[in-house]
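Q: coords please:
(4 chains)
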2 protein chains.
Amino acid sequence: MLTLSGTFAVVLRYTQLEFNIGVQMSLHEGLKPQPNCSNCPIQHRAICAQCEPDELRLLEEIKYYRSFEAGQTVIWAGDHMDFVASVVTGVATLTKTMEDGRTQMVGLMLPSDFVGRPGRDTTPYNVTAVTDVLMCCFRKKQFEAMMIRTPHIAHRLLAMTLDELDAAREWMLLLGRKTAREKIASLLAIIARRDIGAAAPRQGQRIAFDLPLTRAAMADYLGLTIETVSRQFTALRGDGVIVLNGLRRVVVPNLDRLLAEAGVDDFTEARV
Amino acid sequence: MLTLSGTFAVVLRYTQLEFNIGVQMSLHEGLKPQPNCSNCPIQHRAICAQCEPDELRLLEEIKYYRSFEAGQTVIWAGDHMDFVASVVTGVATLTKTMEDGRTQMVGLMLPSDFVGRPGRDTTPYNVTAVTDVLMCCFRKKQFEAMMIRTPHIAHRLLAMTLDELDAAREWMLLLGRKTAREKIASLLAIIARRDIGAAAPRQGQRIAFDLPLTRAAMADYLGLTIETVSRQFTALRGDGVIVLNGLRRVVVPNLDRLLAEAGVDDFTEARV
DNA sequence: ACGCCGCGTTGATCTGGATCAAGGTCGCAG
DNA sequence: CTGCGACCTTGATCCAGATCAACGCGGCGT
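A: The predicted model follows:
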C-alpha cells in the first residue's frame, strides 16, 4: 500500500482512511486505526485542544487526512494554499530559499503543530515532509468560518502562534549570536526537551533520542554547512557531551552538560 | 517639562496627559494634543483597529499612557509584566542577551506594534526605548477580560501576531544565510518600506529617510559587530547604492538597486 | 575654553566556519 | 556479487567578519 501511494500527495478518500491511518500510526506511534478525534494522538495539544464536544463534532465533519512520504514537498512557497492542517504524526519543515539556492529552515513542525494561515491564500515558505507525515486538514474557507463561530479555536490558535513567535525569537538569538558548537548543542537540547515532554528534568539527567533530521536539514536549521554540522558532532562526541549509536541515535549522558554547551540557562527556553 | 520627567518610567496622571501627549506628538509627529482615541495616530493599524465604537469606549476607559526616554529600559527579561501596550510614537526594541553579554535584537517595535503577551506574566526579553517612546497601556488583567468579551480585539491580535511571525521568519533567513552587505541592504529596505507605507513602489524609485537606530542597535538587529556595520555602510556609499547625509540621514537613489543588494526578490517581504 | 564621553570610522590582524576535495559506509537494485 | 546513489566524515585551504587598536567628531557639563 505504501509503495502504491506514489511520489505525489495523496488525498485519502474516506474509504481508504481507516487503513491508511492504521499504517501511519503503526509506523510512527504503534497506535490502533482511528478515524475519529476521540483517540487522536494530538487531541490535547493541537488547535482543537480546547474545543467543546459539540465544536469538536463540527470540526470532525469537515476534517480530512492527507499523508506525505518522507522527502515529499507539501507545498511550495508562493503557491496557493487552500487548506490548513495539524501535523498528526511525523516531522515537517518550513524553509525559505533565496534565488541562488541558499536555504534557511524557519519552522520545524512536530505532531500537534499547526500549518497554514487563516486569512491568507499563499504560503511564504516551502513545507516539506522530512519523515512520513500524516496531516489532519481543513479547507481554509470552512476553517475560517469555524473560527468566527467557535472562539475556542481562535483562542487556541492565538496561544499557539504566540508560542511559535517566542520560539522563533529564541531561534533568532541562536542564528545571530551562537557559535557552531552552541548551535548544535542547542538543537540537541530542543529535541531532548521534546522527548522529555512535560517531565521536569532532573539534575544530571541521562537522555536518549533519535534525530528526526539529516545533517543537511540540521544545517538548514542552524544556518551552517553540513561539513560544520558533522565536525561539531564529532567534536561533541570526542568531548563526551554526547554518545552516538549509528548516525541517528543520540545519548546525552548529562543533560546539564549539554545545556551548558548550548549557552542556555533556562531549559524551558528550548522549545521548538 | 521633558527634563522634569527624570530617568525612570513616568506614569502620566490624567491631568498631565494632555500636555505630555502634546509634547510627544509635536516631537514625533507634529500632531495636536489628544488624549482620546478618535484622533490617535495609530488608530487604524493598532490592536484596536477593528473595534466597534462601543468597544473602543470600553478600551478608552481602561487605557493609560506611559512615556519613556530614549535609552530607557521599559522592562527587563524575566521581570513581571502586568501590562500590555501599543507603541504610539517612537521606536522600541526587544532584545535577548546571553550570560556573557552577547545580545540579539528579536523585535523592532514601531508605532502601532503591540508589546506584551496576554496569558503570560513575565517577558522573555528586554524591552528598550530607542527613541523617546509613548505607549498606550492596558493592565493585563483588564485587557485579558476585554479580549474574551470583544472578539475584534482577539482577532486583531491574532492577525498582528501572525504578521510578526512571518516577519520573524524573514528575519531568520537574514540572520542565518545573508552576507553582511545583504543584511545592511535588507535592513535599509525594511526601513524604506515602512516610510513608503502602503504606496506601491515605482520602478527605480528614489527614497530618503532617517535611521531610527544607532550602529550598535543595527549590529544587534543583524547579528553583526558595529565595525562590520560601519564598514558595510561605507562600502554601500562607495558603490553608490546609498548616499549618507550625516550619520542618520539615508538617501536611496534607486530602490531596485538596494533590493537587489538585499537579495530580496519581493519588496513586500521586507516587513519589520 | 577645556576635557570628557558617546558614537562612529578606519586599519591591522586573527579565526571560525565556508569552501573545495576526497573518501567512507550503508542499503538497495540489477 | 557489483555498482550506484544518498548520506556522512575528514582534510586542506580560504576568506568574511570578528577582534584589537587607534583616532575623529560633536555635544555637553564645568
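
Q: Straight-line length of stretch A:74-83, end to end?
A: From its first residue to its last, stretch A:74-83 covers 11 Å (CA to CA, to the nearest Å).

Q: ok now it, how far from the chain's centre?
A: 18 Å (CA atoms, centre = their mean, to the nearest Å).

Q: Just checking it against chain B, any contact.
A: No: figure legend: stretch A:74-83 not in contact with chain B (CB under 8 Å from any CB of the partner chain); closest approach 8.8 Å. Bear in mind the C-beta positions are built from the backbone N, C-alpha and C, glycine included.

Q: model confidence over that stretch, on average?
A: Throughout stretch A:74-83, pLDDT has a mean value of 94.

Q: Could you check how far the nearest residue to A:V133 once chain neighbours are set aside is from DNA strand C?
A: Residue nearest to A:V133 in three dimensions, not counting chain neighbours: A:G90, with 3.5 Å by CB to CB, 6 or more residues apart in numbering or on different chains. From A:G90 across to DNA strand C, the span is 18 Å (CB to the nearest atom of the strand, to the nearest Å).

Q: before we move on, what about A:A46?
A: 32 Å.

Q: so what's that residue up against?
A: A:C40, A:S86, A:S112, A:F114, A:C136 (CB atoms under 8 Å, 6 or more residues apart in numbering or on different chains).

Q: Turn those into CSV, including neighbour count.
A: As requested, the contacts of A:A46 are exported to CSV (neighbours: other CB atoms under 10 Å in any protein chain shown):
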residue, neighbour count
A:C40, 21
A:S86, 25
A:S112, 20
A:F114, 20
A:C136, 24
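
Q: Check those residues against B:L157 and report the nearest one.
A: Here the nearest of the contacts of A:A46 to B:L157, counting by CB to CB, is A:F114; it sits at 16.5 Å.

Q: What is the burial count for the closest residue to the closest one other than its chain neighbours?
A: Once flanking residues are discounted, A:F114 sits nearest to A:I47: 5.0 Å by CB to CB, 6+ apart. Neighbours of A:I47 under the rule other CB atoms under 10 Å in any protein chain shown: 25.

Q: Are we agreed that A:I47 is in a strand?
A: No: A:I47 sits outside any strand when classified using DSSP: H, G, I helix; E, B strand; the rest coil, being coil.

Q: for DNA strand C, what are the nearby residues on the stretch 101-250 of chain A?
A: Contacts of the stretch 101-250 of chain A with DNA strand C, taken as CB under 7 Å from any atom of the strand, map to A:T179, A:A180, A:R181, A:G223, A:L224, A:T225, A:E227, A:T228.

Q: Tell me the one of those nearest A:A168?
A: Among those, A:G223 lies closest to A:A168 (CB to CB), at 13.7 Å.

Q: a helix runs through A:Q104, doesn't it?
A: No: counting by three-state DSSP, A:Q104 is not part of a helix but strand.

Q: For it, give the beta-bridge partners.
A: For A:Q104, the residues forming beta bridges with it (DSSP bridges) are A:K96.

Q: ok, now A:R139?
A: A:F83.

Q: burial count for it?
A: 14.

Q: ditto for A:S38
A: For A:S38, using other CB under 10 Å, the count is 9.

Q: For A:L58, give me phi and psi.
A: phi -60, psi -50 (degrees, to the nearest 10).

Q: which regions of chain A sit below the pLDDT cut-off?
A: Where chain A drops to pLDDT under 70, the residues are A:1-35, A:198-201, A:265-272.

Q: Now it against DNA strand C: closest residue?
A: For chain A and DNA strand C, the shortest gap (CB to the nearest atom of the strand) falls at A:T228, measuring 3.1 Å.

Q: Render the CA-only coordinates of the helix or strand encompassing that residue in CSV, please.
A: Taking DSSP states H and E as the definition, A:T228 sits inside helix A:226-238. Output of helix A:226-238 as CSV, limited to C-alpha atoms (Å, rounded to 0.1, in the frame of the first residue of the first chain):
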residue,chain,number,x,y,z
ILE,A,226,26.7,20.1,6.6
GLU,A,227,30.5,19.9,7.0
THR,A,228,30.4,22.1,10.0
VAL,A,229,27.5,20.2,11.5
SER,A,230,29.4,16.9,11.0
ARG,A,231,32.6,18.3,12.6
GLN,A,232,30.7,19.7,15.6
PHE,A,233,29.0,16.3,16.2
THR,A,234,32.4,14.7,16.1
ALA,A,235,33.8,17.3,18.5
LEU,A,236,30.9,16.9,21.0
ARG,A,237,31.3,13.2,20.8
GLY,A,238,35.1,13.5,21.4
